[in-house]
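# kindly generate the corresponding structure for this input.
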Amino acid sequence: MPGLKSIPRTEFGDGFSLAPGDLHANLLHALSREAQPFAPTTIPTTGGAEATFKAKAAGTLAGVSVGGKDALAANNTNYLTWTVTNKGSTGTGTTAMLATSPSGVNTTKSTGGTALTVYHPNALTLATTGLTIARDDVITVTATVSGTLANTVSQAWAELEITPS
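Numbering: from 1, shown residues only. As a prediction, this is how the structure comes out:
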């Protein structure tokens with residue numbers, strides 16, 4: 001790449017820097033994954049909450065993390081179930097992107113699930129198929145309450161990690 005080796009070191013924040021000798025490698029690393037966070041919301045003690053993402057580029061879902069400001073103890077009667085659904089570009093798709101087995105996976109159940117810790121990202125378990133995302137696909141992340149939670153989860157968030165194709 002002519003001319004690019006003459007630029008000075010440039011800092012981009014979050015530990016990403018660019019030096020003249022490693023321009024190509026750093027750019028590829030920086031562009032290899034796209035994270036899509038959403039503005040925090042509150043998960044009520046009954047019902048649930050949903051966040052919607054729109055894919056900026058085609059790729060493969062590589063990870064999903066969820067968390068919040070409040071802790072939520074694991075409980076087999078009163079718990080959250082997380083789902084991620086690819087609705088496609090028209091919003092009518094039904095592709096489930098999270099694993100549903102073994103029992104309790106992607107929940108806050110005592111048996112097979114995971115409690116929420118204050119401000120700690122909980123990685124969810126992806127499905128083994130259906131992880132392909134097209135540009136402009138609508139992806140929903142849903143927290144569904146079973147029973148009545150012990151408390152709300154305020155400033156709840158989700159982050160999708162998408163590897164561009």
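# and the strands in the chain?
10-11, 17-18, 34-37, 41-43, 48-54, 59-67, 79-86, 95-96, 122-123, 132-133, 138-146, 153-164 (DSSP state E).
# hey, which of the ones you listed is tucked in deepest?
strand 79-86 (a mean of 22; mean count of other CB atoms under 10 Å). Bear in mind the C-beta positions are built from the backbone N, C-alpha and C, glycine included.
# how far out from the middle of the chain is that strand?
11 Å (CA atoms, centre = their mean, to the nearest Å).
# so which of the strands of the chain is nearest Ala73?
Closest to Ala73 of the strands of the chain, according to CB to CB: strand 79-86, at 9.4 Å.
# got the angle for that closest one vs strand 138-146?
160 degrees (axes from the mean of the first three to the mean of the last three CA atoms, to 10 degrees).
# distance check, Thr45 against Glu159.
Distance, Thr45 to Glu159, using CB to CB, to the nearest Å: 24 Å.
# tabulate the strands of the chain in CSV, adding columns for mean pLDDT and distance to Thr114.
Listed next are these as CSV, based on pLDDT from 0 to 100; distance: least, CB to CB, whole Å:
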stretch, mean pLDDT, distance to Thr114
strand 10-11, 37, 36
strand 17-18, 40, 35
strand 34-37, 55, 20
strand 41-43, 92, 15
strand 48-54, 92, 17
strand 59-67, 95, 10
strand 79-86, 98, 10
strand 95-96, 98, 19
strand 122-123, 96, 6
strand 132-133, 96, 25
strand 138-146, 96, 13
strand 153-164, 92, 13
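# tell me which of those lies nearest to Asn106.
Of all those, strand 79-86 sits nearest to Asn106, with 4.6 Å by CB to CB.
# what does that closest one contact?
Contact with strand 79-86 is made by 43, 48, 61, 64, 66, 72, 93-98, 106-109, 113, 116, 124, 130, 133, 137-147, 149, 153, 160, as judged by CB atoms under 8 Å, 6 or more residues apart in numbering.
# ok so, going back, can you redo the strands of the chain as TSV with distance to Pro102?
Shown next, in TSV, are the strands of the chain (distance: least, CB to CB, whole Å):
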stretch	distance to Pro102
strand 10-11	44
strand 17-18	42
strand 34-37	28
strand 41-43	24
strand 48-54	22
strand 59-67	18
strand 79-86	14
strand 95-96	16
strand 122-123	16
strand 132-133	24
strand 138-146	17
strand 153-164	22
